[in-house]
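Visitor: Got a predicted model here, sequence first, then my questions.
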Amino acid sequence: MHEGRKINVAVLGATGTVGQRFIALLSEHPFFVLRALGASQRSAGKPYARAVTWKQTKYMPAMVREMIVQECKPELFVGCEIVFSGLDADVAGPIEEAFRQAEFAVFSNAKNHRRDPNVPLIVPLVNASHFTMIHQQRALHNPPLQKGFIVTNANCSTTGVVIPLAALEKAFGPLESCMITTMQAISGAGYPGVPSMDIFDNIVPYIGGEEEKMEWETLKILGGIADGEDGRKLFDMHARQPLRVSAQCNRVPVIEGHTECVSVRFAQRPPPSPQQVREALQAYTSDAWTMSCPSAPRHTIFVHEEADRPQPRLDRDYQSGAGVNVGRVRQCPVLDIKFVVLANNVAIGAATSSIVNAELAVCKGII
Ligand SMILES: NC(=O)C1=CN([C@@H]2O[C@H](COP(=O)(O)OP(=O)(O)OC[C@H]3O[C@@H](n4cnc5c(N)ncnc54)[C@H](OP(=O)(O)O)[C@@H]3O)[C@@H](O)[C@H]2O)C=CC1
Ligand SMILES: N[C@@H](CC(=O)OP(=O)(O)O)C(=O)O
């Protein structure tokens with residue numbers, strides 16, 4: 001554990017949608033101390049308050065207003081142990097690698113390293129056990145790293161759905177198939193994001209690359225870690241019981257909170273009843289909560305009984321958006337069970353996940 005130790009941290013992509021969330025959360029953190037901010041050359045050299053278009057309902061923390069934004073070069077972040085990355089995916093790959101190479105612990109929201117066979121893709125309320133891959137990641141580096149590593153969190157829609165899926169697999173054994181239809185908030189596209197002329201009075205039935213990410217990431221997260229032939233560990237992609245996932249992704253005129261309609265089929269026959277599923281979801285607890293990570297939600301999954309919940313406007317800020325909401329659990333006449341998930345895309349779908357991942361790394365003695 002941190003044992004009273006304070007750990008200096010930085011945020012890359014600090015001016016963006018996710019970066020602002022990081023700042024709001026880290027300004028109140030019990031043992032991470034925000035010391036530095038990075039963004040593009042457009043913002044570098046300016047006091048943060050002048051570089052950013054602050055779009056949070058919470059006021060900008062006083063501690064960052066006069067902080068000078070830096071270019072994202074490791075030598076400008078000396079003194080920080082952890083960097084949280086909310087970088088644009090167009091630039092995140094090489095910048096995050098440079099920080100790892102310079103022995104920083106990097107917690108990334110970007111998609112660039114999620115498919116790397118040595119980088120764990122961790123949804124902290126699901127697969128904290130994948131931190132074991134860090135040893136291999138450091139050792140395979142040339143020269144081997146002492147402290148540096150990259151951990152990514154998942155796509156925001158993937159995050160929302162894998163949490164209840166993990167709870168179901170824990171209670172009832174492997175799932176066989178899963179169909180998901182998302183209704184994703186516009187904040188998922190960053191700022192200024194989707195033009196208002198496209199999204200007002202409308203639904204856009206396409207988000208580039210999103211369906212493929214959901215279908216692939218779900219398997220890496222819910223799968224285990226196996227021994228490879230050459231003695232290396234590898235992510236088994238749910239190979240012991242193949243899981244088929246189909247996702248359809250839509251952009252809807254909601255500011256924050258991704259809603260997902262999910263149907264599942266269990267391997268176990270007969271499948272559990274809707275009431276058994278409700279109880280299993282409600283009872284699910286994460287390692288992050290058990291290990292006392294301060295940003296982990298007490299209720300990993302809140303199960304709504306009302307017929308018309310969850311709703312983004314009403315439910316996205318429950319537990320500061322750190323858990324997920326599930327409702328409308330019922331029988332599915334095609335697969336076995338269907339339900340609705342609501343996850344806050346910028347909290348548990350992004351910044352909160354990275355911060356809980358970093359807390360887990362501290363609790364596990366990796367940092
Ligand atoms: N929004 C969401 O719900 C989620 C987003 N993500 C991922 O998180 C990341 C950030 O997303 P989001 O906050 O929405 O994006 P934004 O577009 O809002 O912010 C992007 C950030 O990247 C910085 N940046 C852009 N170009 C460069 C560069 N050349 N060098 C250094 N910094 C640069 C920007 O700085 P500047 O202001 O100076 O241009 C800004 O701080 C993305 O990879 C995204 O895919 C993941 C899950 C959910
Ligand atoms: N594409 C997601 C947000 C995002 O940036 O995802 P990713 O980190 O997987 O690129 C959305 O639009 O809601």
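Guide: Happy to help now that I have it. Here the structure is a predicted model, which is why all the values come from computation and not from measurement. Residues are numbered from 1 along each chain as shown. Ligands and ions are numbered 1, 2, ... in the order given.
Visitor: what's near enough to touch the residue in the chain that ligand 2 sits nearest to?
Guide: Relative to ligand 2, the nearest point of the chain is residue 188 (2.0 Å; CB to the nearest ligand atom). All C-beta atoms are positioned from the backbone trio N, CA, C, and that covers glycine. Residues in contact with residue 188 (CB atoms under 8 Å, 6 or more residues apart in numbering) are 156-157, 207, 251, 258, 345, 349.
Visitor: same thing with residue 252?
Guide: With contacts defined as CB under 8 Å, 6+ apart, the neighbours of residue 252 are 183-185, 199, 203, 259.
Visitor: Please, where are all the helices along this protein?
Guide: For the chain, the helices defined by DSSP state H occupy 17-26, 48-51, 62-65, 89-101, 133-140, 156-172, 196-199, 210-222, 274-283, 287-290, 312-315, 352-363.
Visitor: could you redo those as TSV and give each row mean neighbour count and distance to residue 72?
Guide: TSV is the format used below for the helices of the chain (neighbours: other CB atoms under 10 Å; distance: least, CB to CB, whole Å):
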stretch	mean neighbour count	distance to residue 72
helix 17-26	26	11
helix 48-51	17	13
helix 62-65	15	16
helix 89-101	17	5
helix 133-140	18	21
helix 156-172	25	22
helix 196-199	12	30
helix 210-222	21	24
helix 274-283	17	40
helix 287-290	18	28
helix 312-315	16	32
helix 352-363	25	16
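Visitor: Out of those, the one nearest residue 241 is which?
Guide: Checking those against residue 241 by CB to CB gives helix 156-172 as the closest, at 9.1 Å.
Visitor: List only buried entries from the contacts of residue 252.
Guide: Burial by neighbour count, 16 or more other CB atoms under 10 Å: within the contacts of residue 252 this picks out 183-185, 199, 259.
Visitor: How about the residues of this protein by ligand 1?
Guide: 13-19, 39-40, 42-43, 72, 86-89, 91-92, 109-111, 156, 187-188, 190-191, 345-346, 349-350 (CB under 6 Å from any ligand atom).
Visitor: Could I have the buried ones of the residues you listed as ChimeraX selection syntax?
Guide: A single ChimeraX command is used to select the members of the residues of the chain next to ligand 1 judged buried by 16+ other CB under 10 Å:
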select :13,14,15,16,17,18,19,39,40,43,72,86,87,92,109,110,111,156,187,188,190,345,346,349,350
